[in-house]
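Asks: Below: sequence and its predicted model.
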Amino acid sequence: MALTRSRVAQRVATLPPSGIRRFFELVERMPEAISLGIGEPDFVTPWRIREAAMYSLERGHTHYTPSRGTRELREEVAGYLERRFGVSYDPEQELLITIGTSEALDLALRATLEPGDGVLIPQPCFVSYVPCAVMAGGRAIAVTTSADNDFQVQVADLTEAADDGVRALLICYPNNPTGAVMSRADLEAVVGWAEERDLLIISDEVYAELTYDGEHVCVAALPGAKERTVLAGGFSKAWAMTGWRLGFAAAPADIIEGMMKVHSYTTMCPPTMAQEAAVEALRGCDEEIAQMRREYNQRRRVIVKRLNDMGLDCFEPRGAFYAFPSVARTNLRCEEFAERLLREEKVAVVPGTAFGAGGEGFVRCSYATSMPLLEEAMSRMGAFVKRAAG
């Protein structure tokens, strides 16, 4: 008998495909292209981390760990957060090891949202935020940020977007895709605003170690923030461990318990070898992180100068490894700009609309690629912009 309805849930069927993935698929057909699209370090995971994973395998550590993650790793994460950002967590009740930062964010939304709860999401934002809120039963409420404010969310914008059904605020600084960083004073104002409305704050800080001018400000360490904040972090970016799929969540015990329930029913636990490698990452890789950050910083200065020199206005990103230039000079919409640049000059960037409607007029350029390739990509892009702008 023929089916009378769709076999795919409506909330999933109506989700748009990822704009980033579409461009990755185009790039795969062009092996000669230079990709500034992927948000992945071009560095190999430091040797001592890889060695720790191999040693774990040699010792036969191939079984499940506790769903919360190994006690050893939770203790290391707690020590790291206190040492680096001055915020203290109980490794037994307030920490959860996850399958990357993405799972931490997904769990936070699924564990805390009731059907119809609103989630304020400053945009442009990472592509998964809106779909995760929707799949958790919530309502994604876009909060527009502006290049005029270096893409820092403003309390006035939050106030304008909020309605009576708002439950949470999801933020990411340093930001993907813009590279924006919030000052301590501005973050304190946002925390105070959330406290007045009794909102949960979900803070994606996976790029915390990739802050260039000044120190990263951890949201949970701000006055009045810890008891209403889910802090999500991970090893993918700063430790160049994208393929290891390992992250963490730090939050009040009741929230972690709710997240752990969902986690234990769906993923059981992260890979044992990855957890043991992450212990070594936290214990002994500060210098490797510092070296990668220095190289990213050098590339950051080069790409921002080259983009501005070719007439693509680009504010100075202060974190992560992305530049977010305006393509207004070309009179092209961002998708057309990205598609033509790839087709005509074999350079891949991501159109700003992949990160929400507020990204129109911009493209994301990742500088997590070698300096020679970055310089060549800028030369090709400059030639394209000259032609497109007439």
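Replies: All right, it came through fine.
Asks: is it true that residue 6 lies in a helix?
Replies: No. Residue 6: not assigned to a helix; according to DSSP: H, G, I helix; E, B strand; the rest coil it is coil.
Asks: residue contacts, it?
Replies: The contact partners of residue 6, by CB atoms under 8 Å, 6 or more residues apart in numbering, come to residue 13. For every residue, glycine as well, the C-beta is placed using N, CA and C.
Asks: which helix is the longest one in the protein?
Replies: helix 286-309 (DSSP state H).
Asks: So what are the sheet partners of the next helix or strand after it and their directions?
Replies: Moving toward the C-terminus from helix 286-309, the next helix or strand (DSSP states H and E) is strand 322-323. According to DSSP bridges, strand 322-323 forms sheet pairs with strand 363-366 (antiparallel).
Asks: pLDDT below threshold where in the protein?
Replies: Residue ranges of the chain with pLDDT under 70: 1-4, 19, 22-23.
Asks: My understanding was that residue 318 contacts residue 178; is that so?
Replies: No. At 9.9 Å, residue 318 does not count as touching residue 178 under the criterion of CB atoms under 8 Å.
Asks: wait, isn't residue 15 in contact with residue 132?
Replies: No. Residue 15 is not in contact with residue 132 according to CB under 8 Å; the separation is 10.2 Å.
Asks: Between these two, which has more neighbouring residues?
Replies: The residue with more neighbours, out of residue 15 and residue 132, is residue 132; 25 against 14, by other CB atoms under 10 Å.
Asks: ok so, going back, so which of residue 318 and residue 178 has more stuff around it?
Replies: Taking neighbours as other CB under 10 Å, residue 318 and residue 178 compare with residue 178 leading, 32 against 21.
Asks: how close does the most centrally placed residue in the chain get to residue 33?
Replies: Geometric centre of the chain, nearest residue: residue 176, 5.3 Å, by CA atoms, centre = their mean. Residue 176 sits 22 Å away from residue 33 when distances are taken as CB to CB, to the nearest Å.
Asks: And for residue 229?
Replies: As judged by CB to CB, residue 229 and residue 33 stand 40 Å apart.
Asks: What count of nearby residues applies to residue 156?
Replies: A total of 9 residues lie near residue 156 under the criterion other CB under 10 Å.
Asks: likewise residue 137?
Replies: Neighbours of residue 137 (other CB under 10 Å): 14.
Asks: Next: residue 124.
Replies: Other residues lying near residue 124 total 26 when counted by other CB under 10 Å.
Asks: Just to check, it is in contact with residue 145?
Replies: Yes. Counting by CB under 8 Å, residue 124 touches residue 145, with 7.2 Å between them.
Asks: Next, show the common contact partners of the two.
Replies: Both residue 124 and residue 145 are contacted by 151, 178, 358, under the criterion CB under 8 Å, 6+ apart.
Asks: Nearest to residue 300 among those residues?
Replies: Residue 300 lies nearest to residue 178 out of the shared contacts of residue 124 and residue 145, by CB to CB, at 12.8 Å.
Asks: ok, now how distant is the closest one from residue 355?
Replies: Taking CB to CB as the measure, residue 178 falls 8 Å from residue 355.
Asks: List the residues that are in contact with both of the two.
Replies: Common neighbours of residue 178 and residue 355 (CB under 8 Å, 6+ apart) are 124, 364.
Asks: so who does residue 187 touch?
Replies: Residue 187 sits next to 173, 217, 219, 222 when contact means CB under 8 Å, 6+ apart.
Asks: Can you tell me the closest non-neighbouring residue to the last one?
Replies: With CB to CB, 6 or more residues apart in numbering as the criterion, residue 222 has its nearest non-adjacent residue at 5.1 Å, and that residue is residue 191.
Asks: My read is that residue 137 contacts residue 117, right?
Replies: Yes. Contact criterion CB under 8 Å: residue 137 and residue 117 qualify, at 7.5 Å.
Asks: From what I see, residue 374 and residue 304 are in contact.
Replies: No. Residue 374 is beyond contact range of residue 304, at 11.4 Å (criterion: CB under 8 Å).
Asks: Compare neighbour counts for these two and give me the winner.
Replies: Per other CB under 10 Å, whichever of residue 374 and residue 304 has more neighbours is residue 374, with 22 against 19.
Asks: and the more buried one, what element?
Replies: Counting by DSSP H and E, residue 374 is part of helix 371-388.
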